[in-house]
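Pasted the sequence and its predicted model underneath.
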Amino acid sequence: MWESLLSILIAGAMISALYALIAIGFTMIFGVGGVLNLAHGALIMAGSYLFMTLSRDIVWESVVLPNIVVFPLAVGGIALLSYGLYVGLVRYVEDNPVITFLATVVVATMTTEIALDLFGDQPYAYTVIDGQFDLVGTSVSYNDLAGFVVSWIAIGLLWYYITQTDGGRSILAASMSERGAQLTGVDLRSVQTRTWVVAGALAGVAGIFLGGGQSAMPLMWLNPLALAFIIVVIGGIGSIKGSIVAAYLIGYTETITVSVLGQSFRGILSLVILLVVLFLLPQGLYGREFVHE
């Protein structure tokens with residue numbers, strides 16, 4: 001009994017940290033630019049494949065880079081892809097929410113098709129850190145533990161950036177009111193660009209560890225993106241704190257559901273929680289009224 005409870009606590013904490021990273025990037029982009037970025041999921045998948053590719057000798061024959069080198073390269077690569085997505089496409093259509101939404105859907109679909117062409121539909125297994133250890137009778141992989149630790153380091157750094165630096169506070173100001181931010185001298189284009197870069201880096205980190213725990217697959221991003229949307233709505237659109245709280249709520253809900261009811265019931269209770277929140281707290285746990293521009 002105690003071992004099962006401890007296993008749920010550990011597994012829920014590990015996966016929830018990655019869900020929080022995904023949801024934070026998703027909510028930051030929507031909070032600042034009002035963009036529902038469906039390509040955010042494709043960046044998660046791309047992070048997994050990029051890490052897997054760079055860590056093998058298929059890039060340079062007989063040359064295998066250590067994971068400690070590959071990891072920042074892969075995260076930086078996905079951040080750069082997110083930057084390219086914004087400056088090359090989204091900024092030209094972001095004034096029309098419907099066109100922007102459809103454009104990100106097209107990008108996500110194209111990215112998935114490219115992954116299928118390059119790698120096929122078979123899963124590719126890899127780990128960021130090999131091995132596992134026993135924690136009070138519960139087996140924990142070093143990959144999952146590293147994902148938990150790195151996720152919280154990233155969240156801590158982001159929180160410091162948002163609250164303690166001028167650049168971060170400008171992102172927070174823009175998420176509250178674009179007009180108010182402009183009146184205080186904030187460069188909205190620069191803010192939106194930095195937001196997409198940060199969100200891309202977070203998606204890259206999450207994708208690397210999700211792939212390390214579950215294998216890299218072209219469609220691996222669908223469930224995390226759906227959960228990110230649920231988490232953002234529950235936590236409150238634009239709220240980083242809300243995304244963290246909601247991520248742990250959904251992460252533990254999923255873990256308990258799978259342990260008690262089985263894999264086929266994985267997302268049922270998450271949807272029930274979403275419906276309850278929509279009825280009782282339409283703006284989420286930490287949401288706020290939208291400012292009319």
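All right, it came through fine.

So, low pLDDT: which residues of the chain?
For the chain, residues meeting the criterion pLDDT under 70 lie at 1-3, 57-63, 136-137, 176-185, 287-293.

and the longest helix for it?
helix 2-33 (DSSP state H).

Return the set of buried residues in the helix or strand just after it.
Next helix or strand after helix 2-33 toward the C-terminus (DSSP states H and E): helix 39-54. Using 16 or more other Cβ atoms under 10 Å as the burial criterion, the residues of helix 39-54 that qualify are 39-54. Yep, even glycine has a C-beta here, placed from its N, CA and C like the rest.

And the helices in the stretch 151-293 of the chain?
166-176, 178-183, 188-214, 222-235, 240-261, 268-280 (DSSP state H, counting those that start in this stretch).

What I need now is those written out in JSON lines, including distance to residue 24 and mean neighbour count for each item.
Shown next, in JSON lines, are those (distance: least, Cβ to Cβ, whole Å; neighbours: other Cβ atoms under 10 Å):
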{"stretch": "helix 166-176", "distance to residue 24": "12", "mean neighbour count": "18"}
{"stretch": "helix 178-183", "distance to residue 24": "20", "mean neighbour count": "15"}
{"stretch": "helix 188-214", "distance to residue 24": "6", "mean neighbour count": "24"}
{"stretch": "helix 222-235", "distance to residue 24": "9", "mean neighbour count": "23"}
{"stretch": "helix 240-261", "distance to residue 24": "5", "mean neighbour count": "21"}
{"stretch": "helix 268-280", "distance to residue 24": "18", "mean neighbour count": "14"}
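
how about the ones you listed, which one is nearest residue 103?
helix 188-214 (13.6 Å; Cβ to Cβ).

can you give me the angle that closest one makes with helix 2-33?
Interaxial angle, helix 188-214 versus helix 2-33 (axes from the mean of the first three to the mean of the last three Cα atoms, to 10 degrees): 160 degrees.

From the contact counts, what lies against helix 188-214?
Applying 3 or more Cβ pairs under 8 Å, 6 or more residues apart in numbering; DSSP states H and E, we find helix 188-214 packed against helix 2-33, helix 39-54, helix 67-85, helix 142-164, helix 166-176, helix 178-183.

isn't residue 99 right up against residue 92?
No: between residue 99 and residue 92 there is no contact under Cβ atoms under 8 Å: 9.5 Å.

Export stretch 39-57 to CSV, keeping only CA atoms.
Written as CSV, here are the backbone C-alpha positions of stretch 39-57 (Å, rounded to 0.1, in the frame of the first residue of the first chain):
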residue,chain,number,x,y,z
ALA,A,39,3.0,24.3,-33.5
HIS,A,40,4.2,24.3,-29.8
GLY,A,41,3.5,20.6,-29.8
ALA,A,42,5.6,20.1,-33.0
LEU,A,43,8.5,21.8,-31.2
ILE,A,44,8.3,19.3,-28.4
MET,A,45,8.5,16.5,-30.9
ALA,A,46,11.4,18.2,-32.8
GLY,A,47,13.3,18.6,-29.5
SER,A,48,13.1,14.9,-29.0
TYR,A,49,14.3,14.0,-32.5
LEU,A,50,17.0,16.6,-32.5
PHE,A,51,18.5,15.4,-29.3
MET,A,52,18.3,11.8,-30.5
THR,A,53,19.9,12.6,-33.8
LEU,A,54,22.8,14.7,-32.4
SER,A,55,23.6,12.1,-29.7
ARG,A,56,24.2,9.4,-32.3
ASP,A,57,26.8,8.9,-35.0
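
Now do that stretch: distance to the chain's middle.
13 Å (Cα atoms, centre = their mean, to the nearest Å).

What of stretch 19-37?
With Cα atoms, centre = their mean, you get 8 Å for stretch 19-37.
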